[in-house]
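> Could you look at this predicted model? Sequence included:
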Amino acid sequence: LPSSSVSSSSLSPTGTRSTNLGMSTSSKTTTRSGNPLPNIPLPPPILSTEPGTWAHDTMSRRVDSEILQRTYEENEEEFNSPGFEEALENFKALRAELQDAANTKLRHLKDLTPEEEKSEERVREWNEWRDIMDPYVKAGDTWLTAPWLFTEFFVYRRLMEAIGYFDRSNPATYMYDPFARAKRAGLDTSVASAESVMDKIEALPNTREGAGIASAFALWGNKMDLSIWPADAENADVDVFEKILHSAEENLLHDDVDALTEYCEQLKNKGGGMIDIIVDNAGFELVMDLALADHFVASETAKTVTFQLKAHPTFVSDALEKDLLETVEYYANLDEAKYPNAKRAGLRWKKYLDEGKWVCNEDNFWVQPPPMWDMPEPLRSDMKDRCDLAFVKGDANYRRLLGDRVWGLSDPFQDVVGCYFPCPVCALRTLKAELGCGMDADQVERAKSLDDKWMVNGRFGVVQFGTGAV
């Protein structure tokens, strides 16, 4: 299968190979025995110590003053209600730590209660986090000096601890999702944009062009240009769909859609494959993921689509199984007179779930920071043996594909990701963090000239395909 193109130059985010003060000069992470690594020596991970970087702003300011402040405001009534007294105190203590992030040393999760120790799942998850954070706790690292990816993920696990998300003894806080209102607002506002898209998805041809457009919708969503869509899509010429796909390429910094759709055609020709979508956000983005899965089942590219979902609330809008099921139910119950296409899609989605053509899987690994080359068993073997193609959605998942490390921006995706991932993989990512790989050097320069914040504001994107470890 074709790999990402190789550029003669390997640029860092600053245009050089040099290490700056926001980067660690050595890795504290270890590699799980037997897992393949990237073909290129591992560069340093991103820290949060360099003022002026997105990482520093996130950990020194954004997570507290924006994210946790908004979390309090959206849950103020609950935080000040009976049953949440301890949660509120713990929440305030977490915020105090983050308000002094440069000086607050990391600690482990609190010990499990005797009741929690009775749960094999709770003990396993607690031990996983202890292993993950132990090098940084022992080193006396702060919220800023440990790798950014680890501290940012840990904020949300500490938030679950503060709330008492896993505490069965407190029905007020047990499994309480502090981001539920934000996610529901995203679902409510998704329908107007999705209505027109669902009409288009249903009319896509069962061709390589159709697979490419469905993938572009999953990447860009409502940013795609629908103005040139043919009135009679079912009978439209292939050239029309190529033109639509081309209109979505303007802000792509690398485009492996040809390799992706060639492989999708192979899956279809053999009777359909097993496709996974490693999901990112709820709301409109999740709706576009469902649309992508819809097309793959309808076109017989996939026998089954498995949605890999988060095991607890994290990163505000990230999707759990309950969010996916709520989205499907919401769309299936829309007013047919007002949203006929979206409702029809929702009913199809319900049928896929009922028939087992769509499957949901939550796993702790998707809410933890280790790089994806450290994917544990049995998850790795399952994906290696079962999955024919995995779509990796969103920026946080992409950061884990790269280990949140300072690769050269033109280091080939195949050598960074495609060579170690357990199955063929396609990353659909809009850039929202100061890292990357596999991007065309000329396109990087164009993006820099157009937008000073090109790496963090989601304006630019990549479609990157890798073969998986052989």
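Arrived safely.
> C-alpha from now on. contacts and neighbour counts both.
Will do.
> which stretches of the stretch 101-250 of the chain form helices?
Taking DSSP state H, counting those that start in this stretch as the test, the helices found in the stretch 101-250 of the chain are 120-138, 148-163, 180-202, 208-220, 238-247.
> okay, these, which one's buried deepest?
Neighbour counts (mean count of other C-alpha atoms under 10 Å) averaged over each of the helices of the stretch 101-250 of the chain peak at helix 208-220, with a mean of 24.
> Give the ranges of residues in this structure that sit below the confidence cut-off.
1-33, 221-248 (pLDDT under 70).
> how does it look with 50?
For the chain, the stretches with pLDDT under 50 are 1-30, 224-229, 241.
> now the strands for it?
Assigned by DSSP state E, the chain shows strands spanning 252-255, 273-278, 302-310, 358-363, 389-393, 425-430, 461-466.
> The last one pairs with which strands, parallel or anti?
Here the strand partners of strand 461-466, with direction, are listed using DSSP bridges: strand 252-255 (parallel), strand 425-430 (antiparallel).
> what's in contact with it?
Strand 461-466 has contacts (C-alpha atoms under 8 Å, 6 or more residues apart in numbering) with 2-4, 219, 251-257, 259-260, 413-414, 417-419, 424-431, 438-439.
> Then the longest one?
The set of residues external to strand 302-310 that reach it, using C-alpha under 8 Å, 6+ apart, is 267-268, 271-280, 293, 296-297, 318-321, 356-364, 366-367.
> From these, list just the buried residues.
When the contacts of strand 302-310 are checked for burial by 16 or more other C-alpha atoms under 10 Å, the buried set is 267-268, 272-280, 293, 296-297, 318-321, 357-360, 362, 366-367.
> burial measure for the residue nearest to Met133 when sequence neighbours are not counted, as a count.
Distances taken as C-alpha to C-alpha, 6 or more residues apart in numbering place His108 nearest to Met133, at 6.9 Å, with adjacent residues excluded. Using other C-alpha atoms under 10 Å, His108 has 17 other residues around it.
> Now His108: phi and psi?
When read as degrees, to the nearest 10, the backbone of His108 gives phi -80, psi 170.
> going forward, begin numbering at 26 instead of 1
With the count now opening at 26, the last piece we talked about shows up as His133.
> what about it, distance to Tyr288?
44 Å (C-alpha to C-alpha, to the nearest Å).
> Repeat that for Glu91.
Distance of Glu91 to Tyr288, given as C-alpha to C-alpha: 42 Å.
> higher neighbour count, the two?
The residue with more neighbours, out of Glu91 and Tyr288, is Tyr288; 21 against 11, by other C-alpha under 10 Å.
> ok, back up a step: figure out which of the helices of the stretch 126-275 of the chain is closest to Asn358.
Nearest of the helices of the stretch 126-275 of the chain to Asn358, taken as C-alpha to C-alpha: helix 205-227 at 11.8 Å.
> What is that closest one packed up against?
If you count contacts as 3 or more C-alpha pairs under 8 Å, 6 or more residues apart in numbering; DSSP states H and E, helix 205-227 packs onto helix 309-323, helix 365-380.
> For Glu122, which of the strands paired with strand 486-491 is the nearest?
strand 450-455 (30.8 Å).
> List the contacts of the closest one.
240, 243-245, 285, 414-420, 423, 443, 483-493.
> and that strand with strand 414-418, angle?
For strand 450-455 against strand 414-418, the angle by axes from the mean of the first three to the mean of the last three C-alpha atoms, to 10 degrees is 20 degrees.
> most neighbours per residue, which of the strands of the chain?
strand 486-491 comes out most buried of the strands of the chain by mean count of other C-alpha under 10 Å, with a mean of 28.
> Pull the contacting residues for Glu141.
Listed by C-alpha under 8 Å, 6+ apart, the contact partners of Glu141 are 147-148, 192.
> Sort out which one of these lies nearest Glu140 for me.
For these, the closest approach to Glu140 (C-alpha to C-alpha) belongs to Asp192, at 8.8 Å.
> give me phi/psi at the residue nearest to the closest one when sequence neighbours are not counted?
Closest residue in space to Asp192, ignoring its immediate chain neighbours: Tyr199 at 5.3 Å, by C-alpha to C-alpha, 6+ apart. Torsion angles at Tyr199 (phi, psi; degrees, to the nearest 10) stand at phi -60, psi 120.
> now the one 4 residues further on
Summarising the backbone geometry of Pro203 under the convention degrees, to the nearest 10, its torsions are phi -70, psi -10.
> any idea how far Ile92 is from it?
Taking C-alpha to C-alpha, one finds Pro203 at 11 Å from Ile92.
> Settle it for me: which of the two has more neighbours?
More neighbours surround Pro203 than the other of Pro203 and Ile92, with 23 against 15 (other C-alpha under 10 Å).
> ok, now which ones touch the more buried one?
Pro203 sits in contact with 96, 99-100, 338, where contact means C-alpha under 8 Å, 6+ apart.
> Could you give the number of residues near Tyr377?
Counted with other C-alpha under 10 Å, Tyr377 comes out at 19.
> And for Pro63?
Neighbours of Pro63 (other C-alpha under 10 Å): 18.
> and the gap between the residue nearest to it when sequence neighbours are not counted and Val450?
In this structure, Pro63 finds its nearest non-sequential neighbour in Val441, 4.7 Å apart by C-alpha to C-alpha, 6+ apart. Using C-alpha to C-alpha, one gets 12 Å for the distance from Val441 to Val450.
> show me the contacts for the residue nearest to Asn128 when sequence neighbours are not counted.
Setting aside the residues directly before and after it, Asn128 is nearest to Thr167 in space (C-alpha to C-alpha, 6+ apart), at 6.1 Å. By C-alpha under 8 Å, 6+ apart, the contact set of Thr167 is 126-131.
> By neighbour count, which of these wins?
Busiest of these [other C-alpha under 10 Å] is Leu131, holding 23 neighbours.
> My read is that it contacts Val162, right?
Yes - if you go by C-alpha atoms under 8 Å, Leu131 and Val162 touch, sitting 5.5 Å apart.
> Pull up the gap between Glu220 and Gly211, please.
15 Å.
> next one: Val222
According to C-alpha to C-alpha, Val222 and Gly211 sit 16 Å apart.
> ditto for Cys289
In this view, Cys289 and Gly211 are 30 Å apart by C-alpha to C-alpha.
> now the end-to-end length of stretch 65-81.
Terminal residues of stretch 65-81 lie 27 Å apart, using C-alpha to C-alpha.
> Flag every buried residue along it.
Within stretch 65-81, the residues that count as buried by 16+ other C-alpha under 10 Å are 67-75, 79-81.
> Helices along the stretch 376-495 of the chain, start to end?
Counting by DSSP H, counting those that start in this stretch, the helices of the stretch 376-495 of the chain are 404-411, 420-426, 438, 466-475.
> Deepest-packed of those helices, please.
Comparing those by mean neighbour count (mean count of other C-alpha under 10 Å), helix 438 ranks first with a mean of 28.
> now for that helix, which elements pack on it?
strand 486-491.
> Give me the distance from the strand it packs on to the chain's centre.
14 Å (C-alpha atoms, centre = their mean, to the nearest Å).
> Output it as CSV - backbone C-alpha positions only.
C-alpha atoms of strand 486-491 as CSV (Å, rounded to 0.1, in the frame of the first residue of the first chain):
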residue,chain,number,x,y,z
GLY,A,486,-6.0,19.7,8.4
VAL,A,487,-4.4,16.5,7.2
VAL,A,488,-5.6,13.2,5.8
GLN,A,489,-2.8,10.7,6.5
PHE,A,490,-2.8,7.0,5.7
GLY,A,491,-0.4,4.3,7.0
